[in-house]
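Student: what follows is a predicted structure for the sequence shown.
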Amino acid sequence: MTGTQSHSTVVGLIAAWALDACSPAERDLVEAHLGGCPACAREAGELREAAADLGGAYLRPPPGRLAGLRAAAAGRRPPATAVPGYAAPYAAQVAALDLLLSGLEPRDWPRIAAYGELSVRDLVVHLAASDGLVAAGLGLTVRPPAVPGETLAARTAAVLHAERGWPVDRVRQSWRAQADALCHALVGQAAPGTVTVTLDRPVPLVDALTARAFETWIHGEDIAAAAGRRPLPPLPEHLHPMADLAARILPHVLFRHVPPPHDRSVRLHLTGDGGGSWTVPLRATVPGRGRPAAVISVDVVEFCRLAGDRRDPARVPVEVRGDTAVARQFLAAVPAMAVVP
């Protein structure tokens, strides 16, 4: 098995390893890989701590309990589904959220988690509704049936109505089953770069899956906060495509928030593992001319949270060089990318 294959395999096993739910062969594979991969080792350590918090147990179960834990884990939280590389962030966030949901108490599900009105249960339904538009675009059967031209808001309302009165276990299982079916449908896509699905507007399939990973992570953090749990950021290799998608979308919203002239750009440096640098024009149809008007440096995780409208632009720690007014207007516009259901 090559290093790349080993890494891809281990990413899908880390959550199960954290719960001691791997087979002996899988455990040996994970632990051998962790010794040479700092990113996976960090993720594994954080998930191990989270698993202990969620289960109220020691990091290692006492003798004789391992078989029971494996059986319980298999029934409660399937591992990440094998997917093409471009969909790995989505599959990983689905598995991570399912792990979080598996540890919630009944009293946690009605807690308000986002937008001042959506409960934990509502957010899981909303994620299922949004995922359903991608699934329908790939020809999968979704319930209730998707309506041509259906918006994200309308789809969320339809699924909330259809699942009204469902127990939370059924809500969670329905969301996870659809997510797994979506992942399975991605395997063997001959040319994913040519496939388009509709999420309020036509979106390339690769970008749609990255957007679904992004939203699943952000709402996972909403749910963790509502339930008093510690959120875990995605792996760096999963963060980077999310940040890249945000940087590419930004020019489509900036011109509505940053006054003219729009033939300027901002150089965006996202620091930390998974970050990078982008030159972002202030309007998608007008290339920036000359040197960037401002250079902004900000942590990649905090930028992504800002893009998800989970941070106050005025309070995010940043370093700015150049035109500070343009930089402030740029940062104030970033949360406008977030879709409110």
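Tutor: Perfect, I can see it now.

Student: do me a favour and get the end-to-end distance for stretch 244-262?
Tutor: One end of stretch 244-262 sits 21 Å from the other (C-alpha to C-alpha, to the nearest Å).

Student: and for stretch 137-145?
Tutor: With C-alpha to C-alpha, one end of stretch 137-145 sits 12 Å from the other.

Student: list the buried ones in it?
Tutor: 137, 142 (16 or more other C-beta atoms under 10 Å). Backbone N, C-alpha and C define where each C-beta goes, glycine included.

Student: let me see the mean pLDDT of that stretch.
Tutor: Stretch 137-145 shows a mean pLDDT of 93.

Student: gap between it and the chain center?
Tutor: Put simply, stretch 137-145 sits 22 Å off its chain's centre (C-alpha atoms, centre = their mean, to the nearest Å).

Student: what does it rub up against?
Tutor: 132, 135-136, 158-159, 162, 178, 181-182, 185-186, 195-198, 205, 208 (C-beta atoms under 8 Å, 6 or more residues apart in numbering).

Student: quick one: low-confidence parts of this protein?
Tutor: Applying pLDDT under 70 to the chain flags the ranges 1-9, 19-25, 35, 46, 48-79, 190-191, 340-341.

Student: at 80 what do you get?
Tutor: Within the chain, the stretches with pLDDT under 80 are 1-29, 31-81, 188-194, 200, 286-289, 339-341.

Student: helices along that one, start to end?
Tutor: Assigned helices in the chain, in chain order: 3-11, 14-18, 24-34, 38-55, 66-76, 88-102, 120-137, 152-162, 168-186, 205-226, 236-249, 251-254, 300-307, 324-333 (criterion: DSSP state H).

Student: and of the ones you listed, who's closest to Gly276?
Tutor: Among these, the nearest to Gly276 by C-beta to C-beta is helix 236-249 (6.3 Å).

Student: show residues contacting the closest one.
Tutor: When contacts are defined by C-beta under 8 Å, 6+ apart, helix 236-249 is touched by residues 39, 86, 88-89, 92-93, 207, 210-211, 213-214, 217, 233-234, 268, 270, 272-276, 278, 280, 300-301, 303-304, 307, 334, 337.

Student: make it 6 Å
Tutor: 39, 89, 92, 207, 210, 214, 270, 273-274, 278, 280, 300, 304, 307, 337 (C-beta atoms under 6 Å, 6 or more residues apart in numbering).

Student: and those residues, which are buried?
Tutor: 39, 89, 92, 207, 210, 214, 270, 274, 278, 280, 300, 304, 307, 337.
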